[in-house]
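Colleague: fold the following for me, if possible:
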Amino acid sequence: MPEKKSKASKRRGRREAQASADAEDSKFQDDNRIETEIDGEARAEMQTLHRPIRRFYEDARAASLKAAHGPFPSLWMELGAWPAWRAVKKAFLKHEDMGTWPDGSGTPAP
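Modeller: Numbers count the residues shown, from 1 in each chain. Reported below is the predicted structural model:
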């Protein structure tokens, strides 16, 4: 004969199921928070770097970049959709660290 569950056992089962569902919701919310934070950091980086990279990009010594990637976006919000963003940012950071330009001019930093 099947054993009948007590009311306390049923309540405990419902609480455990609810706790499991809450844990899943919490994990989903944590993942969303992390994605939102990463997106916020990327936006802040684009906003901060837009003007310095634009000056670098418009310099005659970076003409090879401009020829390869076209005009630089006029607004920082457009950087994320610009296909050349990562390559140009990498060239800019290399210039900042090493002192060299895409055309090969400049003296590498010691």
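
Colleague: quick one: the helices in this protein, in order.
Modeller: Shown for the chain, the helices assigned by DSSP state H span residues 7-58, 63-69, 85-98.

Colleague: the first one to helix 85-98, inter-axis angle?
Modeller: Think helix 7-58. Taking axes from the mean of the first three to the mean of the last three CA atoms, to 10 degrees, one finds that helix 7-58 is oriented at 70 degrees with respect to helix 85-98.

Colleague: measure residue 94 to residue 18 for me?
Modeller: Between residue 94 and residue 18 the distance is 54 Å, computed by CB to CB, to the nearest Å. (C-beta placed from N, C-alpha, C; glycine too.)

Colleague: again, but for residue 84
Modeller: According to CB to CB, residue 84 and residue 18 sit 50 Å apart.

Colleague: now do residue 102
Modeller: From residue 102 across to residue 18, the span is 59 Å (CB to CB).

Colleague: so between the two, which is more surrounded?
Modeller: Regarding residue 102 and residue 18, a neighbour count based on other CB atoms under 10 Å identifies residue 102 as having more, with 22 against 10.

Colleague: now the phi/psi pair for that one, please.
Modeller: Taking degrees, to the nearest 10, you get phi -60, psi -30 for the backbone angles of residue 102.
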